[in-house]
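Participant: I'd like to go over a predicted model; first the sequence, then the structure.
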Amino acid sequence: MLCVGCGSSTVVLDNLCKQCFTTAIHRRVRKWAKQHDLFQPKEPISLPKGNDLEAVATRAIFEHAIKTPHIISEEGKQIEAWSLDHELEERLAAVLRSKQRSSGTRLLTFVTRQEMRAYCKAHNLKFSEPAEDSAESKLVKQLCRDDPSLKFGLLKSFEVFS
Ligand SMILES: [Zn+2]
C-alpha cells in the first residue's frame, strides 16, 4: 500500500506514511486549538502526567503541534488527557445517564484513540492502554465497529444538537 500523500511505501494509518500522518494530526490539532482559542502566548500550561495512551499522546502532540510560546508549570492551565473516544463516551453518559459533563481544556478532542496508538507507535513512544470497560465505551465501539471514521460524524452531530 502506498501513502496517498507522498507515495511512500510505509503506511502507518489511513493510507498515510509516518511523515504525512504526523503532519495531518498536527495540522488538525493546531486548527482545533486555534478555533477554540485554547492557548494564549506565554500562558502557563500544565500537561497531563502518566503513561496512559491519552496522556502520552497529549504531551507529545502538544510539544510538536502547538507553536505558541508557553510556560510549562504545575500551576498552569491544566490540559486534560483526552480523545475523541473519551469525548463521545462523556457525551453519551450525559444523554443516557444524565451524567454531568466536566469542563476542561482538551487539546485532542478531534483525535481518536486509534490515531493516538498509531502516532505513539510511529514515534516510538511507550504507553499503557486505557481501561475501556464503561457501557459508553462499549457502545461507541459497537456503533463505529465497521467504520471508525463514524466517530467524527458522531461528534459533529452532538455539536449540532447541544
Ligand atoms: Zn506520505
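Facilitator: Looks like it arrived, so ask away. Numbering: from 1, shown residues only.

Participant: so R101: helix, strand or coil?
Facilitator: What DSSP: H, G, I helix; E, B strand; the rest coil gives for R101 is coil.

Participant: quick one: pLDDT of it?
Facilitator: Predicted confidence (pLDDT) for R101: 82.

Participant: that one: neighbour count?
Facilitator: Using other Cβ atoms under 10 Å, R101 has 11 neighbouring residues. In short, each C-beta sits where N, CA and C put it, glycine included.

Participant: that one and the ion, how far apart?
Facilitator: 37 Å (Cβ to the ion, to the nearest Å).

Participant: ok, S137 next?
Facilitator: Counting by Cβ to the ion, the gap from S137 to the ion is 31 Å.

Participant: next up, the contacts around S83.
Facilitator: L53, E54, A57, L108, T109, V111, T112, R113, M116 (Cβ atoms under 8 Å, 6 or more residues apart in numbering).

Participant: which SSE is the last one in?
Facilitator: Mapping M116 onto the secondary structure by DSSP states H and E places it in helix 113-122.

Participant: helix or strand right after that helix?
Facilitator: helix 135-143.

Participant: what's the angle from that next one to helix 113-122?
Facilitator: 90 degrees (axes from the mean of the first three to the mean of the last three Cα atoms, to 10 degrees).

Participant: which elements pack onto helix 135-143?
Facilitator: Helices and strands touching helix 135-143, by 3 or more Cβ pairs under 8 Å, 6 or more residues apart in numbering; DSSP states H and E, are helix 84-97, helix 150-161.

Participant: G104: which of those helices is closest?
Facilitator: Checking the helices and strands packed on helix 135-143 against G104 by Cβ to Cβ gives helix 84-97 as the closest, at 10.3 Å.

Participant: show me what the helix or strand that that closest one is followed by is packed up against.
Facilitator: Sequence-wise, the next helix or strand downstream of helix 84-97 (DSSP H and E) is strand 105-106. Strand 105-106 is packed against strand 77-80, with contacts defined by 3+ Cβ pairs under 8 Å, 6+ apart.

Participant: what sits against the closest residue in space to I72 that isn't next to it in sequence?
Facilitator: Excluding its sequence neighbours, the residue lying closest to I72 (Cβ to Cβ, 6 or more residues apart in numbering) is I45, at 5.9 Å. Applying Cβ under 8 Å, 6+ apart to I45 gives the contacts F39, F62, H70, I71, I72, S73, G76, K77, I79.

Participant: isn't H64 right next to H26, touching?
Facilitator: Yes: contact criterion Cβ atoms under 8 Å: H64 and H26 qualify, at 6.0 Å.
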